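Asks: fold the following.
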Amino acid sequence: MGLRFRKSVNLGKGIRLNISKSGLGVSSGVKGLRMGVGPRGIRTTASIPGTGISYVKEKSLKQSKSSKEKRRLEVTSKDLYSPYMPQEVPHTLRSKQYHLQSLLGLIGIGFIFASFKSLSFLIIGLLCIYGKGAWRKKTDFAAKNYQDAVNYFKTKKYEACIEAIDHVLSHPNASQDLSLTKAECCLELGKLEKAYTIYKDFFHRLDTNSLSSLYYWPPKATTIAMAVEKGDYDFALKLLETLPEEIEEHINFPLWKNYYKGLCFIGKHQYEIAVEAFKNAIGRKRRMEEPYIDCHYYLGVAYAKLGKMSLAQQRFQRVYSANTSYKDIAAIITALEAGDSIEKLL
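Replies: Okay, here's the model as predicted:
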């Protein structure tokens, strides 16, 4: 029997002691970034606020040639319901007979409750409920599939949810936001390519400037992160231009906008523009948690690509001072001090 034991003790100041059957572990961090050390190694998690995605880096403590650092994009489920698929069936998907069908179902339930008086009441009640289901299946195919999709998502039956959503989307009045829920299901199933295709198609078909910045921030952030990982820089930049220039509801849009712009322009080998983007992301902040530490690191990379090694070394030194285990920063600093090339380390 797969029993699992885990207890977390808050030690204060963002530090927790985690006790499990596999051993002791310690984790610490702030909102959006946590680092944990346990029997299996070091795990660092950095999340994008307001979204369900995070970057996870795992490193084994075992010293072996096969021991490698693992990095991946991880999707964290936040709720049993998708914000882009409300629980109640939209009126636009219901036929004119929808309320009559509901009434028939209620009548059937009433007869079942009264079945203690006569067995015939039970039979009539069951017939009413069956009739309601058969009638709705014939006239309200989209509405029925919508309700099924909601239930499938809630119970994490993502394959079935995708199939039900496809049926709903065939209805002329179906909301295209359901595509975002379909993409969420694909992410949960690990079908990243399919999820990215759905997201990209969704934002291609709609006027992204007219979409609410906050409401559509999670799928936009997910799509931008995936586009950068795939090297689809032009599409990522197109989406980034639709983000606001100010902070809204504790989401620092300028920071994320400029950070991802910088990554895109590094990918496009336009290092001067990347430098400006990372500078704008950092601003006057002296913070070094993620993604600020990432901005400093990639600013150093951009300077190095431009041959401005003195400026690059300043940025790498700041990263090293904040976190000696960050990427290959220790090796980069050693190479710079020795006057060696760092090209292969970037």
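Asks: quick one: buried residues of the biggest helix by length in the chain?
Replies: The single longest helix within the chain, with elements called by DSSP state H, is helix 119-139. Burial within helix 119-139, assessed by neighbour count using 16 or more other C-beta atoms under 10 Å, is assigned to 121-122, 124-125, 128-129, 132, 135-136, 139. No exception for glycine: its C-beta is placed from N, CA and C like everyone else's.
Asks: from these, which is closest to Lys327?
Replies: In terms of C-beta to C-beta, no member of these lies closer to Lys327 than Arg136, at 56.4 Å.
Asks: quick one: contacts of the helix or strand Cys185 falls within?
Replies: Element membership of Cys185, judged by DSSP states H and E, is helix 178-188. Residues from elsewhere that reach helix 178-188, judged by C-beta atoms under 8 Å, 6 or more residues apart in numbering: 52, 75, 77, 82, 84-85, 149, 153, 156, 158-159, 161-162, 165-166, 168-169, 192, 194-195, 198-199, 201-202, 219, 222.
Asks: and for stretch 229-249?
Replies: Contacts of stretch 229-249 (C-beta under 8 Å, 6+ apart): 50, 73, 196, 200, 203, 208-209, 211, 213-214, 220, 223-224, 227-228, 253-254, 256-257, 260-261, 264-265, 267-268.
Asks: if you set the cut-off to 7 Å instead, what comes out?
Replies: Stretch 229-249 has contacts (C-beta atoms under 7 Å, 6 or more residues apart in numbering) with 73, 196, 200, 203, 208-209, 213-214, 220, 223-224, 227-228, 253-254, 257, 260-261, 264, 267-268.
Asks: just the buried members of the residues you listed?
Replies: Buried, going by 16+ other C-beta under 10 Å: 196, 200, 203, 208, 213, 220, 223-224, 227-228, 253-254, 257, 260-261, 264, out of the contacts of stretch 229-249.
Asks: quick check: which ranges of this protein have low pLDDT?
Replies: Within the chain, the segments meeting pLDDT under 70 span 1-79.
Asks: one more pass at 80, please.
Replies: 1-80, 98, 136-137, 208-210 (pLDDT under 80).
Asks: got the domain boundaries for it?
Replies: 6-75, 235-346 (automatic domain parsing).
Asks: which of the residues in the helix or strand in which Ser310 is found are buried?
Replies: Secondary structure from DSSP H and E places Ser310 in helix 309-322. Neighbour-count burial for helix 309-322 flags 311-313, 315-320, 322 (criterion: 16+ other C-beta under 10 Å).
Asks: now the two most distant members of the buried ones among the contacts of stretch 229-249.
Replies: Longest span within these, C-beta to C-beta: Tyr196 and Pro254, 25.1 Å.
Asks: now do the strands in the protein.
Replies: 6-12, 15-20, 23-30, 33-38, 41-47, 53-59, 70-75 (DSSP state E).
Asks: before we move on, back to that, closest to Arg286 out of the buried residues of helix 119-139?
Replies: For those, the closest approach to Arg286 (C-beta to C-beta) belongs to Arg136, at 61.1 Å.
Asks: need the contact list for Phe316.
Replies: Here Phe316 is in contact with 300, 329, 332-333, 336 (criterion: C-beta under 7 Å, 6+ apart).
Asks: can you redo these as TSV with neighbour count?
Replies: Shown next, in TSV, are those (neighbours: other C-beta atoms under 10 Å):
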residue	neighbour count
Gly300	27
Ile329	22
Ile332	25
Ile333	18
Leu336	20
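Asks: tell me where the stretch 151-300 of the chain has helices.
Replies: Under the criterion DSSP state H, counting those that start in this stretch, helices of the stretch 151-300 of the chain are mapped to 158-169, 178-188, 192-205, 217-230, 233-240, 253-267, 271-282, 292-305.
Asks: out of those, which gets nearest to Gly105?
Replies: Comparing the helices of the stretch 151-300 of the chain by C-beta to C-beta, helix 158-169 comes nearest, at 20.2 Å.
Asks: and the closest one, what does it pack against?
Replies: helix 141-154, helix 178-188 (3 or more C-beta pairs under 7 Å, 6 or more residues apart in numbering; DSSP states H and E).
Asks: can you say which of the ones you listed is packed in most?
Replies: Stretch with highest mean neighbour count among those: helix 178-188 (a mean of 24; mean count of other C-beta atoms under 10 Å).
Asks: quick one, that helix and helix 141-154 angle?
Replies: Helix 178-188 and helix 141-154 are oriented at 30 degrees to each other (axes from the mean of the first three to the mean of the last three C-alpha atoms, to 10 degrees).
Asks: distance check, the spatially closest residue to Leu306 that is not a sequence neighbour against Lys308.
Replies: Once flanking residues are discounted, Leu306 sits nearest to Tyr271: 5.0 Å by C-beta to C-beta, 6 or more residues apart in numbering. Distance of Tyr271 to Lys308, given as C-beta to C-beta, to the nearest Å: 9 Å.
Asks: which of these two has more neighbours?
Replies: Tyr271 (19 against 15; other C-beta atoms under 10 Å).
Asks: so who does that one touch?
Replies: 302, 305-306.
Asks: now do 8 Å
Replies: Shown in contact with Tyr271 (C-beta under 8 Å, 6+ apart): 265, 302-303, 305-306.
Asks: these, buried ones only, as a ChimeraX selection?
Replies: Buried members of these, defined by 16+ other C-beta under 10 Å, are picked up in ChimeraX with:
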select :265,302,303,305
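Asks: now do the helix holding Cys185 against helix 158-169, angle only.
Replies: With the same axes, to 10 degrees defining the directions, helix 178-188 sits at 170 degrees from helix 158-169.
Asks: please consider this matter closed, and thank you.
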